[in-house]
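Student: Fold the stuff below for me.
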Amino acid sequence: MKLSLFTFATSVIGAAVFTTNVYALDIGSPMPKLTEKLQNLNGKESTLDSFAGKKGTLVIFSCNHCPYVKKWAKRMTTIGNRVMSEGFGVVVINSNDAEKYPDDNLAAMNEFAKEHGQKFAYVADRTSNFARTFGATRTPEVFLFDSKGKLAYTGAIDDNPEVGDVKVRHLDVALAAVAKNEKVPLPTTKSVGCSIKFRDNKASANRK
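Tutor: This is a model prediction of the structure:
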């Protein structure tokens, strides 16, 4: 009995860390439309639509303090900066509760972006409603939309947080396919990372 309980507990913990959210957007879903706005690093506000690109739009839910984000930060920055010059829109969204996790406040986000040389938008989701609407639960977690605004890929940046052990670059493969208006060969992968620290706001995001 003890062994069974241990096995069950281990499987639950593993599922909490390594599985994708069952309520996440389905492949082919349109990019969500929300009435509320995201806060930029300069304090100004922008709509999600304003970050859309002609070839597609890359949305990544991330933060500052998560150990997994730190491992993927360089790769995320390299990819984001590169595809912006290729016609993709790029936005990284921090949905964590900055009051409970001050390492994720706007000032810390500014420092993080400068430290890593990010040229793309890094914005704060001040209600966590963007994460709720997307069905995002992890940092980092990727949502790639094609030129028609349809979800083409969701999941991980690649198959391993340890850069030396990466074998499959999921996001790079997906971006290459979307750029050619082709179907992504593996449209959904497991998102590995820290849990999003949702704000205590249970209101549903408004959609048009």
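
Student: all strands for the protein, in order.
Tutor: 38-39, 45-46, 56-62, 88-94, 121-124, 138-139, 141-146, 151-155, 194-195 (DSSP state E).

Student: got the contact list for the last one?
Tutor: So the one you mean is strand 194-195. Strand 194-195 has contacts (Cβ atoms under 8 Å, 6 or more residues apart in numbering) with 16, 63, 66, 67, 68, 69, 137, 138, 139. For glycine as for every other residue, the C-beta is placed from the backbone atoms N, C-alpha and C.

Student: which stretches of this protein have low pLDDT?
Tutor: Low-confidence segments of the chain, defined by pLDDT under 70, are located at 1-23, 201-208.

Student: Would you mind confirming that residue 97 makes contact with residue 200?
Tutor: Yes. Contact status for residue 97 versus residue 200: in contact at 7.4 Å, counting by Cβ atoms under 8 Å.

Student: of the two, who's got more company?
Tutor: Neighbour count, other Cβ atoms under 10 Å: between residue 97 and residue 200, residue 97 has more, with 18 against 8.

Student: Name all residues that make contact with the more buried one.
Tutor: By Cβ under 8 Å, 6+ apart, the contact set of residue 97 is 104, 128, 197, 198, 199, 200.

Student: Looking at the strands of the chain, which one is packed in the most?
Tutor: Of the strands of the chain, the one with the most neighbours on average (mean count of other Cβ atoms under 10 Å) is strand 138-139, at a mean of 28.

Student: That one - contacts with which helices or strands?
Tutor: Judged by 3 or more Cβ pairs under 8 Å, 6 or more residues apart in numbering; DSSP states H and E, strand 138-139 is in contact with strand 56-62, helix 67-84, strand 194-195.
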